[in-house]
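# Sequence and predicted structure are below.
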Amino acid sequence: MVNYLLMITADLENLTNLQPQGGCDDPSFTYYFKMKCGNCGELTQKETCVSLNETVPAAKGKGNIHLAQKCKFCSRDGTVTMMTGRGRPLTQAQAESGTYAPLMLFDFRGFEPEEFLFGSGWKAESTGGTNFTDIDLSGGDFAEYDEEGQCPVMISNLRAMFKVVK
Ligand SMILES: [Zn+2]
């Protein structure tokens with residue numbers, strides 16, 4: 001079985017512990033991505049979104065999955081299941097060295113992930129001790145001023161990858 005671990009990194013200026021607002025297993029955090037059919041290679045036209053609190057019953061077997069979708073081109077069925085407990089906040093030290101932090105583990109069946117798209121609902125802590133919440137990264141970056149720590153805070157150069165985990 002092949003799973004995909006979504007990993008992220010970014011440039012963090014005076015910020016650390018970038019993660020979904022409710023922590024790495026935030027039930028309402030939405031993941032947006034593009035995926036490709038494992039059968040015919042067709043890329044999904046629209047971005048796909050999943051979150052932990054939205055599940056559908058699995059057609060076969062037990063448990064819940066997070067997405068069931070048919071390829072529009074070849075009609076092959078595919079599913080996406082999220083697995084909690086693997087995410088870690090992205091620290092400033094990791095960001096500085098260009099290291100990726102794991103965010104969420106996915107089981108893709110019938111599809112392969114192609115590209116993760118950063119959305120909203122992130123949080124981070126400034127090195128001055130202020131918590132920033134409701135961070136929207138859909139525009140590609142974030143810039144604010146930390147009044148308490150008296151320093152500018154910034155998130156930029158967002159990067160994401162899906163690492164194959166066997
Ligand atoms: Zn297909």
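That came through, no problem. Residues are numbered from 1 along each chain as shown.
# Nearest the geometric middle of the chain, what residue?
Y31 (5.0 Å; CA atoms, centre = their mean).
# quick one: contacts for the residue lying closest to that one once chain neighbours are set aside?
Excluding the flanking residues, the one nearest Y31 by CB to CB, 6 or more residues apart in numbering is V50, at 5.3 Å. All C-beta spots, glycine's among them, are computed from the backbone N, C-alpha and C. Shown in contact with V50 (CB atoms under 8 Å, 6 or more residues apart in numbering): 30-31, 66-67, 80, 82.
# In helices, which of those appear?
In helices, defined here by DSSP state H, there are no members of the contacts of V50.
# farthest pair in those?
T30 and V80 (13.0 Å; CB to CB).
# As a check, name the ranges of all helices in the chain.
Using DSSP H, helices in the chain cover 92-97.
# Tell me the residues of it that contact the ion?
37, 39-40, 42, 71, 73-74, 76 (CB under 5 Å from the ion).
# Could you pick out the buried ones from those?
37, 71 (16 or more other CB atoms under 10 Å).
# With pLDDT as new columns, can the residues of the chain next to the ion be given to me in TSV?
Compiled in TSV, the residues of the chain next to the ion are given as follows (pLDDT from 0 to 100):
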residue	pLDDT
C37	97
N39	96
C40	97
E42	95
C71	94
F73	94
C74	96
R76	94
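# so of the residues of the chain next to the ion, which ones are in strands?
C37 (DSSP state E).
# Throw the residues of the chain next to the ion into TSV and include distance to D136, thanks.
Below are the residues of the chain next to the ion laid out as TSV (distance: CB to CB, whole Å):
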residue	distance to D136
C37	30
N39	35
C40	35
E42	30
C71	31
F73	33
C74	36
R76	34
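# Quick check, pLDDT for K62.
Residue-level confidence at K62 comes out at 69, pLDDT.
# thinking again about what came up before, who has more neighbours out of T30 and V80?
Set side by side, T30 and V80 show more neighbours around V80, with 22 against 15, by other CB atoms under 10 Å.
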